[in-house]
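Visitor: no letters, just coordinates:
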């Protein structure tokens, strides 16, 4: 595997540095006949890495994020079982069993000086949250993560009978758009004017299938994942007949 070819087509200094690190860990696992790991990767980086590995015909790898269907995953190079991945499952709870928004949990963790790559998915359940984290920071989080949104919380290793099966909850909303152009869909997604949606897109706040998309006329397809910073994330369903006025009907499955 050639490093220059592996890094070709990767834009941005941070992303190129990440993939350079990943390449070095792949080579380390090959030369030392040991297992090496990546940090938690975003869905976009995971997709790109799998494309790179496929084009290089590299098959000795696996990925896991703590449960089947996890969005943020760690990649392992070399023979590795799920129990060998360096991650832990943490339970974050309050005395009155209240829960908060995803950004509240993540913001409190990042405010402790922890890098985003150390944290995997955060699942918010009915009376507590489950956070997947790098094993190296588990003890630190148990000691230092004491508040979420000004509420006192307890952070502990979760080893109970709870078994998250990867099923997510969604709020499904049907909307009507003039076309499946990105600007039209974002306008409906955010319930804002086209002028607002255009600004969100050009400012780099819109992500289609986890990649920043600034093309206003980009066509949205069935099952595309749309994320708009400040407005949430959802799956766009488009396979519906036209309305009587020849408009497009879509269903937005907003992540809860």
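Guide: Nice, I can see it. Small disclaimer: the values here were computed from a predicted structure and weren't measured.
Visitor: how about low-confidence regions in this structure?
Guide: For the chain, applying pLDDT under 70 flags the ranges 160-168.
Visitor: show me how the record splits it into domains.
Guide: The record assigns the chain these domain ranges, following automatic domain parsing: 3-82, 87-157, 170-255.
Visitor: and the shortest one, how far apart are its ends?
Guide: In other words, domain 87-157. Domain 87-157 has its terminal residues 11 Å apart, counting by C-alpha to C-alpha, to the nearest Å.
Visitor: also the first one?
Guide: Between the start and the finish of domain 3-82 there is a gap of 28 Å, counting by C-alpha to C-alpha.
Visitor: do the longest one as well
Guide: Counting by C-alpha to C-alpha, the length from the leading to the trailing residue of domain 170-255 is 5 Å.
Visitor: related to what we said a few turns ago, okay if I get the domains of the chain as a markdown table plus mean neighbour count?
Guide: All C-beta spots, glycine's among them, are computed from the backbone N, C-alpha and C. Compiled in a markdown table, the domains of the chain are given as follows (neighbours: other C-beta atoms under 10 Å):
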| stretch | mean neighbour count |
| --- | --- |
| domain 3-82 | 16 |
| domain 87-157 | 16 |
| domain 170-255 | 16 |
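Visitor: where do the strands sit along the stretch 1-150 of the chain?
Guide: 36-37, 61-64, 74-77, 87-93, 119-124, 129-134, 147-148 (DSSP state E, counting those that start in this stretch).
Visitor: which residues does the helix or strand hosting residue 195 contact?
Guide: If you go by DSSP states H and E, residue 195 is part of helix 194-202. Residues from elsewhere that reach helix 194-202 (C-beta atoms under 8 Å, 6 or more residues apart in numbering): 182-184, 186-187, 190, 192, 206, 213-216, 228-229, 231.
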